[in-house]
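K.L.:
sequence first, then the predicted structure, then my questions.
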Amino acid sequence: MPTTAAKPRWEPGTLTPYAFVAPAAILMATGLLYPVFMAFYLSFFDWEIGRDLGDANTVGFSHFLRMVQDPQVWEVLWVTIRFGFWVITLEMVLGISLALLLEKPIRGASIFRTIFILPLMVSPVVVGLIWRYLFDARAGWINYYLNAWFGMEPLVWLGDPELAFFAIVFTDIWQWTPFIFIIIIAGLQALSSEVIEASEIDGANWWQQIFLVKLPMIKSIIIIALLMRLIDVFRGLEVMLIMTGGGPGRSTELLSLHIYKRAFETQQLGYASAIAVLLILVVFGLSLLILKMSNPMKTKSDV
Amino acid sequence: MRLLSQAATALAALAMGATAMGATTAVANPYEKYEGTTIVVSWPTNNHFKVAETLVDEFTEETGIEVEIDYLQYLKLRDRQLLEMSKSDGEYDVVAWVVMWKGEYVNKGLLTPLSEMYTNAGLVDPDYDIDDIADAYLQNGGIVGGEKGYLPGKSGGLYGIPFGAETSILAYRKDILDEHGIAVPQTYDELAAAMTKLHEAGVPALTSRGATGHQVTAAWLFHLAPMGGRIFDDKWNPVVNSPEAVKAAEFLRHVAKTGPTGISSYGFGDATTAFLQGDAAFWLDSLKIAALSRDESRSKVNGKVGYALHPTDVRCGSETGGFAMGIPANSKHKEAAFLFIQWMTSKAADQRVVELGGDPIRISTLELNPKDFPEYPVVAEQLDCADPDWRPLIPEWNELNVDVLGQALTQVITTDDPVQPIMDEANEKIRAIMEREGYYVWQ
């Protein structure tokens, strides 16, 4: 080819993509970057609602220093990590198993699928209320049936540290397993039937087909589901706020609930912002780690 | 009896009408100037304020001042009010605050001193009789800046009038006590013994709040003052590990062990439901239980409940709490707002509140209605020894309440660990917070 004359740099056409991206970029900046920036900014002040931000004292990095030494912050971080570990592991196992079971066109599969995704449609606040009453020690159904069927003494589900932790894990699994299920089943159904047929012809049995063919092929989808749940775990607070309020003690107080309580119950907005910055850093770090281990964007071309 | 109370209302209404008429002949009707004004009122969604909505309609009818009520759940009230009152152009003309917040509001310069209004003769109803309002309520909800900043005292000023105020009393199930041959407890020792006896007989004894955070702290505070304990001494040194405070914590543990199942997860609503559903023999909390237990749609114990004074230990000391109403500093209709507060807390209105199912603030109202409301004589007597200092009303209280005591007391009621070390640790944490906030600069 002869020398292609370099296009003029600022020909109108080159700007067009930017113009299309601009609205999204502006929305991102105002809706996402500004709050994050403000959280960071606020963490340098000692500010209470009802006073002018301009009058607030600057405290430098002292909120961050206090945070690093604050055993409460580490306690709730540990609670969050434990909670995340249990719910994500169990939801992944359950969600993927259900998807594999209901992927085949068995009788009534569509009814089951609809039923399974119902919990997902319920608002977290309502979920919190429903389960709070189900787990109620005095009048809850769970205690009632445990007593009627197994003769068990009533358990104080939401007033005992271990039981309350179990209760919020259980509730979260109830609500969010369908999310994994729905994503995985979409991935499974997008698999091309040729590959599956090929593996059948090659003599792969049911287990081999799942673990060596199907799951590896939807790996990127599994990673995305995992990532979304992980971020959700760190953001979630409504269900715990309503079911247990973080109690008893701090046994069900997730990091975001702790931030909420710091900010609105004890009115330490600056300090709460500092912990919010920690939250952002932790989620950011974990997300990077997962993406580094297996980047769905990269492997996309393999599928 | 209803007839008598109706007659009393009619009389009161007549008296009101007479004063209003008297006013019209001399000057104009005091409300005339503000007719058509709309004031916005920030109220909590509790029973008292809900029934008072009817009264607000009567106020508008009589005065021509329009009222818009913004109801919020009481825990959400403070953030919203702070936000509105700190704007240059706030929305509220009247706010009802939980007595705990009064110091913060005044300290941040958000409220109008009522002296501004009381110096305006055109606004003040000469028959209002502020002395008739229970002193414990007025001091606790309305006076700010006295001793320690929140107690009565010469340096204090009036910022609000109590409305929806309450104190703590003991409620008991007459039938259960009769059945087990238990006399109505007057002291903490008697109450503790009754609780043990009921528990051994398989009957849940005393219902209580107990959820982590301010609920469990509130439960403990009910027992702390009668047992002679305090949060701070006179120099702001924390004393929550004193023998009295530890005794109160041990009593709370006894409550959790002998009470209905699940106290460690109970908020006020859960504790109430347990009593109303017949799952507890005793109640030691707000007098609101009386109105609630008469409400057949929620209560299975109507007619079975008796009332007695908050038990004493080394002293008599009930809690006073609830709400008071005042005027934000940035209100644009302060006069109309004042007229509204004055009208709503007048003798006639107080009587109407009672008829509608709310809680009175005036001694005369308590004395006027003993037959329909068996708890009123108890409340009137209880108010004489109501303790205004049952917890410190300082801005740091939220943090001490939720983060320190709310955690320590959860440990007290959910474990069998020795109580003294738990309270020692809480005491040190409180000291560190007070140090950080500069309370020891005078030492």
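P.N.:
Okay, I see it.
K.L.:
I figured residue B:389 was touching residue B:232, is that so?
P.N.:
No. The pair residue B:389 / residue B:232 is not scored as a contact, 9.4 Å apart, by C-beta atoms under 8 Å. Bear in mind the C-beta positions are built from the backbone N, C-alpha and C, glycine included.
K.L.:
distance between stretch B:189-203 and the chain's centre?
P.N.:
Centre-to-centre, stretch B:189-203 and its host chain are 28 Å apart (C-alpha atoms, centre = their mean, to the nearest Å).
K.L.:
looking at the stretch 1-150 of chain A, which residue is nearest chain B?
P.N.:
residue A:137 (2.7 Å; C-beta to the nearest C-beta).
K.L.:
contact partners for that residue?
P.N.:
A:143, A:154, A:155, A:156, A:157, A:158, A:159, B:261, B:262, B:265 (C-beta atoms under 8 Å, 6 or more residues apart in numbering or on different chains).
K.L.:
distance from the top strand by length along chain B to the middle of the chain?
P.N.:
For chain B, the strand that runs over the most residues, judged by DSSP state E, is strand B:160-173. With C-alpha atoms, centre = their mean as the basis, strand B:160-173 stands 5 Å off its chain's centre.
K.L.:
now stretch B:86-95
P.N.:
That offset, for stretch B:86-95, works out to 24 Å (C-alpha atoms, centre = their mean).
K.L.:
so for it, what gets flagged as buried?
P.N.:
Across stretch B:86-95, burial judged by 16 or more other C-beta atoms under 10 Å in any protein chain shown covers B:86, B:90, B:91, B:92, B:93, B:94, B:95.
K.L.:
for the fifth one, list the residues it contacts.
P.N.:
The contact partners of residue B:93, by C-beta under 8 Å, 6+ apart, come to B:39, B:40, B:41, B:327, B:328, B:331, B:332, B:333, B:334, B:336, B:337, B:340.
K.L.:
which of these count as buried?
P.N.:
B:39, B:40, B:41, B:327, B:328, B:331, B:333, B:334, B:336, B:337, B:340.
K.L.:
from the residues you listed, list the ones also adjacent to chain A.
P.N.:
Among those, no residue is within reach of chain A (C-beta under 8 Å from any C-beta of the partner chain).
K.L.:
from the residues you listed, which land in helices?
P.N.:
Within the buried ones among the contacts of residue B:93, residues falling in helices by DSSP state H are B:334, B:336, B:337, B:340.
K.L.:
got the residues you listed as a markdown table, with pLDDT columns?
P.N.:
A markdown table is the format used below for those (pLDDT from 0 to 100):
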| residue | pLDDT |
| --- | --- |
| B:334 | 93 |
| B:336 | 94 |
| B:337 | 95 |
| B:340 | 95 |
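K.L.:
looking at the stretch 101-250 of chain B, which residue is nearest chain A?
P.N.:
Ranked by C-beta to the nearest C-beta, the top residue of the stretch 101-250 of chain B for proximity to chain A is residue B:212, at 2.6 Å.
K.L.:
which residue packs closest to that residue, ignoring adjacent ones?
P.N.:
Take residue B:212 and drop its neighbours on the chain: the residue closest to it by C-beta to C-beta, 6 or more residues apart in numbering or on different chains is residue A:247, 2.6 Å away.
K.L.:
and the one you found, helix, strand or coil?
P.N.:
coil (DSSP: H, G, I helix; E, B strand; the rest coil).
K.L.:
could I get the pLDDT score of it?
P.N.:
Listed pLDDT for residue A:247 reads 78.
K.L.:
where do the strands sit along the stretch 51-200 of chain A?
P.N.:
Along the stretch 51-200 of chain A, the segments classed as strands by DSSP state E, counting those that start in this stretch run A:57-58.
K.L.:
quick one: name the residues of it near chain B.
P.N.:
Residues of the stretch 51-200 of chain A lying near chain B (C-beta under 8 Å from any C-beta): A:51-52, A:72, A:136-139, A:143, A:154, A:156-161, A:164.
K.L.:
my guess is residue B:63 contacts residue B:31, does it?
P.N.:
Yes. Counting by C-beta under 8 Å, residue B:63 touches residue B:31, with 3.8 Å between them.
K.L.:
cool, thanks, signing off.
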